[in-house]
Structure formats: C-alpha cells, structure tokens
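Asker: got a structure for you, letters missing:
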C-alpha cells in the first residue's frame, strides 16, 4: 500500500493530459531519455542514489509504535531503504504516468510493490524457508546490469521521438529506422556476451543452477539479436508477432513525395496514401470511388503494427486497390517542410476524426463516400484476428458503396423516365 500510493498520487497529478501532444513533446522526450540513462548507469553500478540517514532514522523509530501504525512505518522504511535499487524501475513507471497514461502505471506500481511484499509475507508464514534462500552475490549484480542495458534500449526510443520533433519535416534524421534496430542488435548481443561471462571476470564461485539460468538468458538475448538482424533483410519474418512488435517500436521509415493528383503522399506496400483530406476527396469524387482513411500518428506503435502485419496482407491490398486512400496524421504531419501547412493539416485531421468517428483513438480506419461526408464502415485499433476482421470492415464499406451507387443510378433513371 505504501509503495503504490506514490504511483497513484503521481498519476492523479499528471492525469489524462493531452496524450498526443505531451507524448510527442521533443523536450519531454529528451528529459526522459536523460532520466532513463541515469537509471541505466545506476543499475550498472556507476553510482547510487542514497536516502538521507535522518529520514531513515525518523521512520525507523516509529516502527516500535506497533499495530497498524507500526506496520505502515515499517513499510515506509522498507520503501525508502529499497529506493536505491527500485527507483530505476519505479521511475520508469512514473515517466509513463507523466505522459498521460493511467491504468498501466498503477498496475505496474501495484505489481512491483506486491512482488516486493510477497516474499516477506510467505517467509512470515513459513519461517523455516529462510534457511533455503540463496545468498546475495554476483547473480544479483548480473540481474541489475542486464536491466540497465534493457533501459538503454528505452533511451533509444525516447531519443528517436525527440529526433522526429527537432528535425525539419518531422522525419527521423539521426535515430533512423535502421540505426534504431542496429542499436537494439548491439545491446542484445552485449547482454548475451555479458551473461556468458565473456565481457567480465568472474566475481566468485557460481552455483550450477545460477550458471545454467544465466546461459539460458544469454542464448535468448543472442537469438534475439540474430532475429532482429534477419528482420532487417528478410521481407516478412516467419514469427510475425515478434518482428511486428519490434519493428513497430522503431521510428517510422517515412518517405513523402508530391504528386499532381493527390498532392503530398506517403507510400506503403507500393500504394500511395494522400496526406491531405481535401485532395483525397477531390480524387475520389473524380474517379467515383469510395475513400479509405487511415487516422494514424508518427509515433503510434499500434499503427506501425497494423502497417507491417494486416495492411501487408494480399487480400487486404486487393481491397485497398479499389479505394482512394488517405493517411491522416493527428500527432505530427511528416514530410511537409511548411510548418504552418503541417500544423493546419494536423488540426484539421483531429477535427475530422472527432466529427466523423467521435473518437481520438489511434489507429482508426474508415471508409467514407467519395465526398468524404458519409461514413460507410469503420474499424478501431489493432486486429487480433490476423486480418480477418479488417477484411470484413473493408468488404462492408465496399458493399455499402456499391449499394449507394445502385440507389443513385436507380433514382436518376426514375427522374429521366418521368
């Protein structure tokens, strides 16, 4: 309870802020990158954060009160004493809470504090188990160093978001898609080699069980590094679930160009998507085809998952060929150097999604009439069915459009006959 209150309080303070704006703030992401870097070097043992001894003495004295009050102060003392090795993790949760997320930071704080409290509860119930506990030693240091390297991977993510915010046209310049993946490959390989003992000298005798566990995790990290390396060169990985999550976490690989018909466009799987809603509706009305709208974001991980899994499916691509396509960004509009135009498009896209779908969820897909005014079908979020539900959404929109066209033709024929 004492541990989780901190998470609840911070969540209440930072609350449901404007998630898109806050999450993509370049300065905030630079701050979080620096914060996670500090957490990382803390876990690696470069330095420690120490709690003032006077504060620990004050809480320790009140443990003798007894009853509920004594337990509360004992919990508070334990929280403060464990601050040095837990803040690197707790700080990460609070960082997400500061970015507007509520549910998972609270769950994370509760799960983390429960994990810390449960051994004491179990040992209190079964005191004889104390004799069987493994002694602290090099294995704990290995755990801390491993977690420190993992937090470096998160630093790369925050830096990539800041890079997009600072760059002209909001397209990654320094932390590109490939460089991001290379950084994860290097970090995974280093972790594997470290756990195998190839980068450090042994700190003392290690039990066979601990050594076996270290070797298993080392092989997992090395396999992960090899998997990402293969993913950079293979068009579609066999284990799409793992690869799509990794690739989605990386910064987007964006190329924007200008065309005569659709204006600024972005391409996915050899299909052009207009970045301007007005140009897309003009093309749709000219060709008398329905309009497919993909409400998305530059830093939307779930959007990248859909692009690399469902939207690459041959059956989905076949349907999309029948539609005029638009990809409307609601956080940052990439590839447009004119900042006023990019800001205008972003606000217009936000207003359109709110008006058309009464939602700000990303990703959100819609098929609308050629004039962009009538909603024919919609699909929200990720497709966990592997594309089956998304195909139903596309077919429903196309079917309604055909019915609408037949009704219009029948009405026109009736007028002509009269």
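Answerer: Sure thing, it's come through. Everything numeric here is computed off the predicted structure, so don't read it as measured data.

Asker: mind listing the strands in the stretch 51-200 of the chain by residue range?
Answerer: For the stretch 51-200 of the chain, no strands are identified by DSSP state E, counting those that start in this stretch.

Asker: dump the residue contacts of residue 148.
Answerer: Contacts of residue 148 were listed using Cβ atoms under 8 Å, 6 or more residues apart in numbering, and they are 39, 40, 41, 42, 43, 44, 88. For glycine as for every other residue, the C-beta is placed from the backbone atoms N, C-alpha and C.

Asker: Closest to residue 249 out of these?
Answerer: residue 40 (17.4 Å; Cβ to Cβ).

Asker: Under the pLDDT cut-off, which ranges of the protein? List them.
Answerer: The chain contains residues with pLDDT under 70 at 1-24, 47-102, 104-105, 129-138, 201-208, 235-241, 409-418.

Asker: Any idea which residue is closest to the centre of it?
Answerer: residue 301 (4.7 Å; Cα atoms, centre = their mean).

Asker: Tell me, how many residues neighbour residue 407?
Answerer: 10 (other Cβ atoms under 10 Å).

Asker: Distance check, it against residue 186.
Answerer: 60 Å (Cβ to Cβ, to the nearest Å).

Asker: What of residue 145?
Answerer: 15 Å.

Asker: Am I right that residue 393 is in a helix?
Answerer: Yes - applying DSSP: H, G, I helix; E, B strand; the rest coil, one finds residue 393 inside a helix.

Asker: still on that earlier bit, mind checking which of the contacts of residue 148 are buried?
Answerer: 39, 40, 42, 43, 44, 88 (16 or more other Cβ atoms under 10 Å).

Asker: Next step: those residues restricted to helices.
Answerer: 39, 40, 42, 43, 88 (DSSP state H).

Asker: Skipping adjacent residues, who's closest to the fourth one in space?
Answerer: Nearest residue to residue 43, sequence neighbours excluded (Cβ to Cβ, 6 or more residues apart in numbering): residue 148, at 3.3 Å.

Asker: My read is that the residue nearest to the centre of the chain contacts residue 248, right?
Answerer: Yes - taking Cβ atoms under 8 Å as the definition, residue 301 is a contact partner of residue 248 at 4.8 Å.

Asker: Would you mind listing the residues in contact with residue 163?
Answerer: Contacts of residue 163 by Cβ under 8 Å, 6+ apart are 172, 173, 174, 175, 251.

Asker: ok, now which ones touch the residue nearest to it when sequence neighbours are not counted?
Answerer: Once flanking residues are discounted, residue 163 sits nearest to residue 175: 4.5 Å by Cβ to Cβ, 6+ apart. Going by Cβ under 8 Å, 6+ apart, residue 175 touches 156, 159, 160, 163, 251.

Asker: I am finished for the moment; much appreciated.
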